[in-house]
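Novice: A structural model of the following input is requested.
(chains A and B)
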Amino acid sequence: MADILEFTYEISDDDFTRAGEASSDVKKKLKKLGVSPDVIRRVSIALYEGEINMVIHANGGKITIQISEDSITMILDDKGPGIPDIDKAMQAGFSTAPDNVRNLGFGAGMGLPNMKKNTDSINIETKIGVGTKVTMVINL
Amino acid sequence: MENYGKSVYLLENQCKGCTNCIKHCPTQAIRVRNGKAVITTDQCIDCGECIRICPHHAKRAKRGFIDAINNYQYTVALPAPSLYAQVNHLDDVNILLTALKDMGFNDVYEVSAAAEIISEESRKYVAEHKDQWPLISTACPTIVRLIQMRFPNLVDHLLPLITPAELAARQARARAVERTGLEPNQIGIFFLSPCPSKVTAANSPIGHEKSDIDCVLAIKDIYPALVDSMKIVANHPEELAISGKIGISWGITGGEAGGLLSDSYVAADGIENVIHVLDDLEDEKFSSDLEFIELNACTGGCVGGVMQVENPFAAKAKLQKLRKYLPVSAVHAVKTYPYDANWTKEVEYIPVFELADNLKESMEKLNQIQELCKQFPGLDCGCCGAPTCRALSEDIVKGIAKETDCIYILKDYLHKLSDKISEI
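Specialist: Residues are numbered from 1 along each chain as shown, chains lettered A, B, ... in the order given. The predicted structure is shown next:
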């Protein structure tokens, strides 16, 4: 019996246009599971923000999705530069994205705030020069 | 679950059991079983892609035929605007409309005229419902079905107005009753359609109860007779046209959006492009001040329908030329009958893709699908009758396919079997 369903995705850093593939696949799976449309929307928005962050700031990483009967947990693990000031990073509009990324319309400083807004809990473990692990939970 | 008759069906004796249709169906609604294609009607959105792609012409659209005019005392033809783009050198729409009467209809009512009214209603609705931006056009029934099945979060963005064809049918019936004094049910309303999707919509309307369209004919079926009649009436056309640029432009992508007189819109066509737009819209990738999204399942818009005759790009060029000298809108110059263009019936999410009706069971099934999927080669060859290895895994879990439907698994199985036999 599957008490927890787990899926993992490797996020590569070399192709911007592929960012969003994981959230799109998770979205499809949640629809198959019959999860409510509102939860699907929140998962997909939070996860997409996370994916973009991983591509922009951390040269990719790994996403693990765990689905239980009570909750959906999204773990985004990267070996990027780490976040120096989490409080600042959580502020709407604060961004350290480079110009080339902003020119594409990303890097508006809404990533983490949107992740927080759309999930029931968010936990960020980060170490400068080592990486960042973001764990988001949405209750069912 | 809502159940509605579908228009697309299979001619079994012509089906060779190839993999073309299963590969092109945007909702993966087709499987090949026992050498023949089988459509899961619950998942079919009547887009007509399988009709388009089938090299053996084994897919058809159910539709009416013109002999049905004999069932009524008085008949009105409703030409879709895209019909005007099917004939060459049309510089006066009245010739085409008069030809329809020559073919046996008592009267004509242009769908493009009703489209101008819907454009006006849309402008009002969009302006008054900022909370629903971007509103998604609902003129293409395939798009609405697709959203109902695959994009639950976008259902609230659907523009809740009836289609121009439906409004045209209501106006035409009211006008016919006034002109003839007949009972409404003695009048036959015939829509000349570009696609099977509108046939389905007439049988099982979206957003309202019974349709006022009595019969849907395919443009390609009436085309030869229409061209002949046009030659007959070319020199003495009646003044029947009551629509202008805005209405006629609905036949091509961008026409409906253009009728909103706002530049805050996105217009996309071709079913795969549409799905891409909807996916991104669901992920809120479009600007929040975007007002409107026009989506057409067929490339080019209705001129690209599978029941058309002309190449969609050539048709578009013809429509652009035809509309050039028309007034912007003309329906206001004629009498309109009282109408309510709003949807009167809720349009809801239809969860046809769910694995089970509770989360626990769905999770179990999804897990089994994941495990099964690992065994298959991932070639998505379609030889098993399912479009992808993943779809096969899902079918097995649903109990409608077996592992040895995969020829690679079967090959291994036969190897093992022959090894065993040789051991005896």
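
Novice: Please enumerate residues in contact with the helix-or-strand element of chain A with minimal mean pLDDT?
Specialist: Least confident helix or strand, chain A: helix A:99-103 with a mean of 72, by mean pLDDT, DSSP states H and E. Residues outside helix A:99-103 that contact it (Cβ atoms under 8 Å, 6 or more residues apart in numbering or on different chains): A:56, A:95, A:107, A:108. The C-beta positions use only the backbone N, C-alpha and C, and glycine is treated the same way.

Novice: and the residues you listed, which of them are in helices?
Specialist: Among the contacts of helix A:99-103, the residues falling in helices (DSSP state H) are residue A:56.

Novice: Buried among the contacts of helix A:99-103? Make that a PyMOL selection.
Specialist: The PyMOL selection below is limited to those of the contacts of helix A:99-103 classed as buried (16 or more other Cβ atoms under 10 Å in any protein chain shown):
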select buried, chain A and resi 56+95+107
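
Novice: Okay, helices next: where are they in chain A?
Specialist: A:21-33, A:37-58, A:86-89, A:99-103, A:111-118.

Novice: mind listing the strands for chain B?
Specialist: In chain B, the strands defined using DSSP state E lie at B:8-10, B:30-33, B:36-39, B:59-61, B:74-79, B:107-108, B:135-136, B:187-193, B:215-218, B:265-269, B:292-296.

Novice: among those, which is nearest residue B:302?
Specialist: strand B:292-296 (6.8 Å; Cβ to Cβ).

Novice: Direction included, what does the closest one pair against?
Specialist: strand B:135-136 (parallel), strand B:265-269 (parallel) (DSSP bridges).

Novice: Reformat the ones you listed as JSON lines; add distance to residue B:247 and mean neighbour count.
Specialist: Listed next are the strands paired with strand B:292-296 as JSON lines, based on distance: least, Cβ to Cβ, whole Å; neighbours: other Cβ atoms under 10 Å in any protein chain shown:
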{"stretch": "strand B:135-136", "distance to residue B:247": "20", "mean neighbour count": "24"}
{"stretch": "strand B:265-269", "distance to residue B:247": "17", "mean neighbour count": "19"}
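
Novice: okay if I get these as a markdown table plus mean pLDDT and distance to residue B:25?
Specialist: As requested, those are exported to a markdown table (pLDDT from 0 to 100; distance: least, Cβ to Cβ, whole Å):
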| stretch | mean pLDDT | distance to residue B:25 |
| --- | --- | --- |
| strand B:135-136 | 97 | 22 |
| strand B:265-269 | 95 | 18 |
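
Novice: Run through the residues that contact the closest residue to residue B:386 other than its chain neighbours.
Specialist: The shortest distance from residue B:386 to any non-neighbouring residue, by Cβ to Cβ, 6 or more residues apart in numbering or on different chains, is to residue B:392 (4.1 Å). Listed by Cβ under 8 Å, 6+ apart, the contact partners of residue B:392 are B:376, B:384, B:385, B:386, B:401, B:405, B:406.

Novice: Nearest the geometric middle of chain A, what residue?
Specialist: Centroid-nearest residue in chain A: residue A:50, 2.4 Å away (criterion: Cα atoms, centre = their mean).

Novice: neighbours around the nearest residue to that residue once chain neighbours are set aside, how many?
Specialist: Distance criterion Cβ to Cβ, 6+ apart; nearest residue to residue A:50, sequence neighbours excluded, is residue A:76 at 4.5 Å. By other Cβ atoms under 10 Å in any protein chain shown, the residues close to residue A:76 number 27.

Novice: Cool, thanks, signing off.
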